[in-house]
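Asker: Quick one: sequence and predicted model below, then my questions.
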Amino acid sequence: MFRLFRCFTKLIVIVLLVIGFGIFLLCQWFVKEAGAHGIYTSVESIPAREVGLVLGSSAKLPDGRDNLYFKGRIEAAAELYKAGKVKHLLVSGDNRTAGYNEPEDMRKALIAKGVPDSAITLDYAGLRTLDSIVRAKKIFGADKFTIISQTDHDARALLIARHYDIDAIAFAAPDVQFKSAIGSHVREWLARVKVILDLYILRTAPKHLGQREQIK
């Protein structure tokens with residue numbers, strides 16, 4: 001009897017694992033499809049928009065090396081601005097502690113790339129992608145903009161934008177090779193599952209909203 005119970009328990013675990021993996025794969029497909037027709041890879045082909053939303057990333061890795069995701073987004077944002085494809089950059093990132101300030105790091109890096117400070121607005125409460133997208137509309141009044149990040153991140157951001165009736169397109173910043181950023185790719189896969197939960201089940205709202213702010 002005990003042996004039969006153990007076999008039944010193992011069967012249940014296997015079934016649950018299969019179902020879980022199936023849900024995981026479905027989330028990956030769903031998010032990828034959401035951005036399939038809204039991500040541009042060349043400056044020449046992307047339509048011009050007034051505002052470009054640069055999604056936050058840390059400038060440095062924990063070991064002190066340059067973060068290639070950060071570098072790629074800054075390069076892409078500066079390139080779009082100089083080509084006249086965006087007129088203003090809203091940089092949105094995490095500033096939850098005094099010693100960690102993604103928006104300010106992005107501002108400095110953009111200025112170093114030749115983007116004038118007057119063309120940059122900082123959103124200090126972009127704690128995660130959902131917050132950055134929703135705050136761009138509800139706090140900064142931008143309901144039509146270009147998202148600037150790497151391709152996989154762009155797809156997830158576009159899904160959020162469309163859920164909130166935002167007219168968004170995205171530009172693919174230079175990506176990072178899988179073998180050089182395995183952890184980041186795994187986090188993105190998990191984030192795709194989380195965004196489905198946030199949008200369609202938990203109805204998660206941004207952590208901080210508040211009064212409207214003016215883009216410079």
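Answerer: Thanks, I have the structure now.

Asker: what bits of this protein have low per-residue confidence?
Answerer: 1-5, 8 (pLDDT under 70).

Asker: any idea which helix is longest in it?
Answerer: As assigned by DSSP state H, the longest helix anywhere in the chain is helix 2-34.

Asker: list the helices and strands it packs on?
Answerer: Contacts defined by 3 or more CB pairs under 8 Å, 6 or more residues apart in numbering; DSSP states H and E place helix 2-34 against helix 151-163, helix 182-197. Where you see a C-beta, it was placed from the backbone N, CA and C, and this is true even at glycine.

Asker: what's the most buried one of the ones you listed?
Answerer: Mean neighbour count (mean count of other CB atoms under 10 Å) peaks for helix 151-163 among the helices and strands packed on helix 2-34, with a mean of 23.

Asker: Check which helices and strands it sits against.
Answerer: Using 3+ CB pairs under 8 Å, 6+ apart, helix 151-163 sits against helix 2-34, strand 39-40, helix 129-138, strand 144-149, strand 167-172, helix 182-197.

Asker: Go again with 6 Å.
Answerer: With contacts defined as 3 or more CB pairs under 6 Å, 6 or more residues apart in numbering; DSSP states H and E, helix 151-163 has these neighbours: helix 2-34, helix 129-138, strand 167-172, helix 182-197.

Asker: Export the helices and strands packed on helix 2-34 to TSV and append columns for distance to Y81.
Answerer: Below are those laid out as TSV (distance: least, CB to CB, whole Å):
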stretch	distance to Y81
helix 151-163	18
helix 182-197	25
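
Asker: Out of the helices and strands packed on helix 151-163, which gets nearest to Q211?
Answerer: helix 129-138 (10.5 Å; CB to CB).
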